[in-house]
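Enquirer: Next one to model:
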Amino acid sequence: MGMLPVRIDWAARATLCERCPLRVVATGVSYCGTPFLKHVDRDTALDGCGCPTVAKAKDPAEHCPMTIRHAAAAQSADGACDCKWCAARA
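Expert: Below is the predicted model:
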């Protein structure tokens, strides 16, 4: 019904996910790595987070688990983030 908040730039974020080497398509859905429930014990820098990429891109609170150099992303105490999505926005 459109009640949940959606990122204005979600399409650009989803486009970055679609080009990522970790992207996996399972049952017609694009995921950040292998779907979470099929690979629960994971290192997000190596395996992705396992979330559906479009839903993750639309969520304003989410960040990509990877940096532009495909290392694990991190957020500082002041909210600065070095993930792919934040780097592309800057």
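
Enquirer: which parts of the helix or strand of the chain with the lowest mean pLDDT are buried?
Expert: The weakest-scoring helix or strand in the chain, judged by mean pLDDT, DSSP states H and E, is helix 44-47 (a mean of 83). Within helix 44-47, the residues that count as buried by 16 or more other Cβ atoms under 10 Å are 44, 47. Glycine gets a C-beta too; all of them are placed from N, C-alpha and C.

Enquirer: now stretch 5-12
Expert: In stretch 5-12, counting by 16+ other Cβ under 10 Å, buried: 7, 10.

Enquirer: tell me the SS of Ala87?
Expert: Following DSSP: H, G, I helix; E, B strand; the rest coil, Ala87 is assigned to helix.

Enquirer: give the contact list for the residue most central in space within the chain.
Expert: The chain has Cys64 as the residue nearest its centroid, 3.5 Å off, counting by Cα atoms, centre = their mean. Contact analysis of Cys64 by Cβ atoms under 8 Å, 6 or more residues apart in numbering lists 13, 16-17, 32, 73, 83-86.

Enquirer: likewise Ala14?
Expert: So Ala14 contacts 53-54, 57-58 (Cβ under 8 Å, 6+ apart).

Enquirer: Kindly recompute the last result at 7 Å.
Expert: By Cβ atoms under 7 Å, 6 or more residues apart in numbering, Ala14 lies in contact with 53-54, 57.

Enquirer: With Ser30 instead?
Expert: By Cβ under 7 Å, 6+ apart, the neighbours of Ser30 are 17-18, 23, 52-54.
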